[in-house]
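Q: Any chance you could fold what I've pasted below:
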Amino acid sequence: MLHRRQDDIRLLKLEVAEAHRRVLVTGKLRGIIPGLDLDMASLQKQLLETRRSADQLALQLESPDNKTRSPPCLCFITTFFIVCI
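A: Residues are numbered from 1 along each chain as shown. Below you'll find the model as predicted:
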C-alpha cells in the first residue's frame with residue numbers, strides 16, 4: 001500500500017512538473033506570437049504580389065502581340081538528325 005502511494009506521489013510530481021513546463025513555454029510564446037503574425041502578414045503579401053507578377057509574365061509570354069517573344073522553333077526529326085527551321 002505504501003509503495004503504491006509513493007508511486008502515485010511520484011506520478012503526480014511528474015504531472016505537476018510537465019504542467020509547469022507548459023505554462024512557461026506558453027508564456028514565452030505569448031511574447032513571440034505578435035511578431036510572427038506580422039511576419040506571416042508580410043509573407044502573405046509578398047506571395048500575393050509574386051503570384052500576380054507571375055500571372056502577368058505568363059500572359060505576356062503567351063500573348064501573340066508580344067514583340068519581345070522569340071518565334072517558336074519548328075523542329076522535325078529526319079532519319080539521322082533534328083532540323084529546326
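Q: Helices of this structure, start to end?
A: If you assign secondary structure with DSSP state H, the helices in the chain sit at 2-62.
Q: Nearest residue to the middle of it?
A: By Cα atoms, centre = their mean, the mean C-alpha position of the chain lies nearest to L43, the distance being 9.6 Å.
Q: What separation do you get for that one and T50?
A: Remark: distance between L43 and T50 (Cβ to Cβ, to the nearest Å) = 10 Å. C-beta: built from backbone N, CA, C; applies to glycine.
Q: what bits of this protein have low per-residue confidence?
A: Counting by pLDDT under 70, the chain has low-confidence residues at 69-85.
Q: The residue in the chain sticking out farthest from the centre: what's it in contact with?
A: Of all residues in the chain, the one whose C-alpha sits farthest from the chain's mean C-alpha position, using Cα atoms, centre = their mean, is M1 at 54.3 Å. The neighbourhood of M1, defined by Cβ atoms under 8 Å, 6 or more residues apart in numbering, contains no residues.
Q: ok, now how distant is it from D8?
A: In this structure, M1 and D8 are 11 Å apart, going by Cβ to Cβ.
Q: Now the common contact residues for the two.
A: The overlap between the contact sets of M1 and D8 (Cβ under 8 Å, 6+ apart) is empty.
Q: Flag every buried residue along stretch 47-57.
A: Of the residues in stretch 47-57, none is buried under the neighbour-count criterion (16 or more other Cβ atoms under 10 Å).
Q: Can I get it in CSV, CA atoms only?
A: What follows is the C-alpha trace of stretch 47-57 in CSV, where atoms were taken according to Å, rounded to 0.1, in the frame of the first residue of the first chain:
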residue,chain,number,x,y,z
LEU,A,47,3.3,35.8,-52.0
LEU,A,48,0.3,37.6,-53.5
GLU,A,49,2.5,40.1,-55.3
THR,A,50,4.7,37.3,-56.6
ARG,A,51,1.7,35.4,-57.9
ARG,A,52,0.3,38.4,-59.6
SER,A,53,3.7,39.1,-61.2
ALA,A,54,4.0,35.5,-62.4
ASP,A,55,0.5,35.7,-63.9
GLN,A,56,1.3,38.9,-65.7
LEU,A,57,4.6,37.4,-67.0
